[in-house]
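Participant: this is a predicted model, with the sequence first.
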Amino acid sequence: MADFFSQAEVIWFLIGLVLILLELTMPGLVLIFFGVGAWVTALVCLVFDIEINTQLLIFLGSSLLSLALLRKALKKRYMNTKEADGDIEDEYIGQTAVALNSFTAGQTGKVSFKGSSWHAESKESVTEGQQLKITGYKSIKLFVEPIR
């Protein structure tokens with residue numbers, strides 16, 4: 001049994017498994033590609049008897065290649081990230097919010113948008129219950145103007 005765990009392909013397979021499991025605890029979609037690289041190395045070691053330096057080159061090369069070729073596509077598909085700020089802007093800009101309290105120009109008030117309460121700022125005075133058009137945002141603050 002001790003000989004089984006000293007075989008290069010088993011070691012590389014276990015390294016790959018640990019890296020892929022670590023990806024679940026530290027999301028960022030990077031470690032999984034190094035896990036794949038370790039599994040590619042394990043497969044090569046299973047077929048060929050190669051030295052450790054060659055194993056490390058195969059591991060590094062296959063990890064970086066899979067990272068470069070697949071990360072962006074997988075992140076976009078499975079992590080639901082927006083590639084451009086324009087996609088996010090379209091979700092907010094031009095939409096309607098409702099003032100939850102009155103606030104004057106330059107002050108921060110509260111508005112309701114998509115069922116949530118947001119901090120908001122306007123260049124004009126706003127009254128409670130007033131319909132507002134979203135003109136911009138920064139972090140968790142919306143910039144609004146009254147709808148006439």
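Facilitator: Looks like it came in fine.
Participant: all helices of the protein, in order?
Facilitator: Remark: helices assigned in the chain by DSSP state H are 2-5, 8-25, 31-47, 52-78, 85-92.
Participant: look up the closest residue to residue 96, ignoring the ones flanking it.
Facilitator: Nearest non-adjacent residue to residue 96, counting by Cβ to Cβ, 6 or more residues apart in numbering: residue 131, 5.8 Å away. Just so you know, the C-beta spots here come from the backbone N, C-alpha and C atoms, and that holds for glycine as well.
Participant: tell me how many other residues surround that neighbour.
Facilitator: Counted by other Cβ atoms under 10 Å, the residues lying close to residue 131 total 12.
Participant: wait, it sits on residue 147?
Facilitator: Yes: in this structure residue 131 lies within contact range of residue 147 using Cβ atoms under 8 Å: 4.5 Å.
Participant: enumerate every residue touching residue 22.
Facilitator: By Cβ atoms under 8 Å, 6 or more residues apart in numbering, the residues touching residue 22 are residue 31.
Participant: what about it, distance to residue 102?
Facilitator: To residue 102, residue 22 is 51 Å away according to Cβ to Cβ, to the nearest Å.
Participant: so where's this structure uncertain?
Facilitator: 1-6, 27, 76-90 (pLDDT under 70).
Participant: if you set the cut-off to 90 instead, what comes out?
Facilitator: For the chain, the stretches with pLDDT under 90 are 1-8, 20, 23-33, 49, 66-93, 106, 114-117, 137-141, 148.
Participant: pop the domain breakdown of it in here.
Facilitator: Following automatic domain parsing, one gets these domains for the chain: 2-78, 85-146.
Participant: still on that earlier bit, ranking the helices of the chain by burial, who's on top?
Facilitator: Comparing these by mean neighbour count (mean count of other Cβ atoms under 10 Å), helix 31-47 ranks first with a mean of 20.
Participant: mind saving the C-alpha coords of that helix as CSV?
Facilitator: These are the backbone C-alpha positions of helix 31-47, laid out as CSV (Å, rounded to 0.1, in the frame of the first residue of the first chain):
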residue,chain,number,x,y,z
LEU,A,31,-7.1,26.8,-8.4
ILE,A,32,-9.3,24.5,-10.4
PHE,A,33,-7.0,24.9,-13.4
PHE,A,34,-4.0,23.9,-11.4
GLY,A,35,-5.9,20.9,-10.3
VAL,A,36,-6.6,20.1,-13.9
GLY,A,37,-2.9,20.6,-14.7
ALA,A,38,-2.1,18.1,-11.9
TRP,A,39,-4.5,15.6,-13.4
VAL,A,40,-3.0,16.0,-16.8
THR,A,41,0.4,15.4,-15.3
ALA,A,42,-1.0,12.3,-13.5
LEU,A,43,-2.3,11.0,-16.8
VAL,A,44,1.0,11.5,-18.6
CYS,A,45,2.9,9.8,-15.7
LEU,A,46,0.5,6.9,-16.0
VAL,A,47,1.4,6.4,-19.6
